[in-house]
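>>> For reference, the sequence and a predicted model appear below.
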Amino acid sequence: MKRWLFQATDNSPLIIFRIIFGFLILCESWGAIATGWVRRVFINPKFTFNFIGLDFLQPLPGDGMYYYFIIMGIFGIGIMLGYLYRISAISFSVLWGAVYLMQKSAYNNHYYLLWLLTIIMAILPAHKDLSFDSKLGKTTKSQWMPNWIWLLIIGQLFLVYTFASLAKIYPDWLDGTVAKNLMANKENIPIIGGLLQQSWAHKIIIWFGILFDLLIIPALLWKPTRKAAFVLAVFFHIYNSIVLQIGIFPYLALGFTVFFFPRNNIRKWFFPKKDKIQHTIPKSYKSSSIINLFLFTWLTIQLILPLRHWLIDGDVLYTEEGHRLSWRMMLRSKSGYNRFYIQKSGTTKRNLISPSDYLTRKQIRSMSGKPDMIWQFAQHLKKEYAKKGEEIKVFVTNKTTVNNKITYQLIDHNIDLTAVSWKYFSHNDWILEPNKD
């Protein structure tokens, strides 16, 4: 295995993917400005829900985040063209990682995947050919890469898709509730909108979603099923792009398919004028214990993180503890309301406050059903009143609906949220489940 990891293989898939990847993150960065996403998520809010413990990550003031995303797009161009590739890739990874971690109001598993990919691409030698760096002599030109690069990418994809499939095996997905809720607001889509409201369509979505995610990687790897799997992948991801409107992810997923076809074919399809390899194939790359350790550590972390919610008491569907970073995609819908009460020091009276005085409508909707965000808002209120020289307690009454079926109290209304700390690796006792309030 160790010898295979460091054997040379054609790097054409990596080069092609670098160009696709750079173009897509350029679209993601500048598209976020054009669609108003940057304004809604970073400019308008007075307060942002960063990942707990990362309070130092705050949006730039004024129009600073517009320039931030413009710069990210420029780094995307650098990646696409292979110009100052390492600088461009590392810089984009740092900037996008900060974007991901500084806000949760627009949380999306695809943003997490994109961050992981930026880290991977910053490490890989994706600028060794068809790049300005190779033409300008800033890197040694090569048409080869070690096999461990292919393994890292395929391994990451396998874990993402497999966990996404297994997470769907729960009652509300299997009985069609989730599919029905997802399609409820898609009726106005031309031609197919009405069909998506039918129960038979929901059954197709149920089983196609589970089986596609579970089998697509093995089917693309196996030669007899590869072409059929590719056609299904094109259909699936174009469907998701049109119906679910999830940004660049469907096209990013299709870009990955270059790693599943024979390398020689990829080179002939994309580089028809380069029928013959121009450089002598290296006998092997030098084995590296650092790379071995990196591969083992990276893939182990990616295996453990999605499983951590099993080590935390309670059902993640209701408590949300362990939901993020676990590929639990398109699994549930939540709605409800939170009423925040302020009790000033030395009094017993609790006064109702309006979250809209502090948060945007999008933030209020996102906070519903998410205990970590409710807790963070309580800490924010405590700080705001402390600026006035007042000490307060914060209590919350809450009703949360999951998948339009179960309504329950998510937060213990007797607990002062300013007096409890957030537990990262165990259950927070003030977070409740159905029939436990």
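Yep, that arrived. Numbers count the residues shown, from 1 in each chain.
>>> pLDDT-wise, which helix or strand of the protein ranks last?
helix 2-5 (a mean of 81; mean pLDDT, DSSP states H and E).
>>> helix or strand right after it?
Once helix 2-5 ends, the next helix or strand along the chain (criterion: DSSP states H and E) is strand 8-10.
>>> In the sheet, which strands lie alongside that following strand, parallel or antiparallel?
strand 144-146 (antiparallel) (DSSP bridges).
>>> May I see the buried residues of the partner strand?
In terms of neighbour count (16 or more other Cβ atoms under 10 Å), strand 144-146 has its buried residues at W144, M145, P146. Just so you know, the C-beta spots here come from the backbone N, C-alpha and C atoms, and that holds for glycine as well.
>>> Between those, which sits nearest V38?
Of all these, M145 has the smallest distance to V38: 35.5 Å, by Cβ to Cβ.
>>> can you pull the contacts of the closest residue to the closest one other than its chain neighbours?
Once flanking residues are discounted, M145 sits nearest to N11: 3.9 Å by Cβ to Cβ, 6 or more residues apart in numbering. The neighbourhood of N11, defined by Cβ atoms under 8 Å, 6 or more residues apart in numbering, consists of P125, K128, D129, S142, Q143, W144, M145, I149, R263.
>>> Go again with 6 Å.
N11 sits next to Q143, W144, M145 when contact means Cβ atoms under 6 Å, 6 or more residues apart in numbering.
>>> what's the answer for N404, then?
N404 touches nothing, counting by Cβ under 6 Å, 6+ apart.
>>> Tell me the secondary structure at it.
Following DSSP: H, G, I helix; E, B strand; the rest coil, the label given to N404 is coil.
>>> Looking at pLDDT only, which of the buried residues of strand 144-146 scores worst?
pLDDT across these is lowest for W144, at 89.
>>> hang on, that residue packs against A8?
Yes. With contact defined as Cβ atoms under 6 Å, W144 reaches A8; the gap is 4.3 Å.
>>> Where does T407 fall, secondary structure wise?
strand 406-408.
>>> I'd like the average pLDDT over that strand.
Rounded mean pLDDT across strand 406-408 is 88.
>>> got the contact list for that strand?
Outside strand 406-408, the residues within contact range by Cβ under 6 Å, 6+ apart are K399, T401, P434.
>>> repeat for stretch 230-244
By Cβ under 6 Å, 6+ apart, the surrounding residues in contact with stretch 230-244 are K186, F212, P250, A253, L254, T257.
>>> Including pLDDT, could the contacts of strand 406-408 go into CSV?
Putting those into CSV (pLDDT from 0 to 100) gives the following:
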residue, pLDDT
K399, 91
T401, 92
P434, 89
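>>> Export those to TSV and append columns for neighbour count and distance to R332.
What follows is the contacts of strand 406-408, written out as TSV (neighbours: other Cβ atoms under 10 Å; distance: Cβ to Cβ, whole Å):
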residue	neighbour count	distance to R332
K399	17	16
T401	16	10
P434	16	13
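>>> Okay, and which of the residues you listed map to strands?
K399, T401 (DSSP state E).
>>> Let me have the contacts of strand 406-408 in CSV, adding distance to T177 as columns.
What follows is these, written out as CSV (distance: Cβ to Cβ, whole Å):
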residue, distance to T177
K399, 19
T401, 12
P434, 15
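>>> Name the nearest of the contacts of strand 406-408 relative to S287.
For the contacts of strand 406-408, the nearest to S287 is P434 (53.7 Å; Cβ to Cβ).
>>> Leaving out chain neighbours, which residue sits closest to the closest one?
Nearest one to P434, counting by Cβ to Cβ, 6+ apart, is Y408 at 4.1 Å.
>>> re earlier: could you tell me which strands the strand holding T407 is paired with, and in which direction each runs?
strand 392-402 (antiparallel).
>>> any idea how far the partner strand is from the chain center?
Its chain's C-alpha centre and that of strand 392-402 lie 27 Å apart, by Cα atoms, centre = their mean, to the nearest Å.
>>> quick one: contacts of that strand?
Against strand 392-402 from outside (Cβ under 6 Å, 6+ apart): 332, 334-336, 338-344, 369, 378, 381, 385, 407, 409-411, 413, 416-418.
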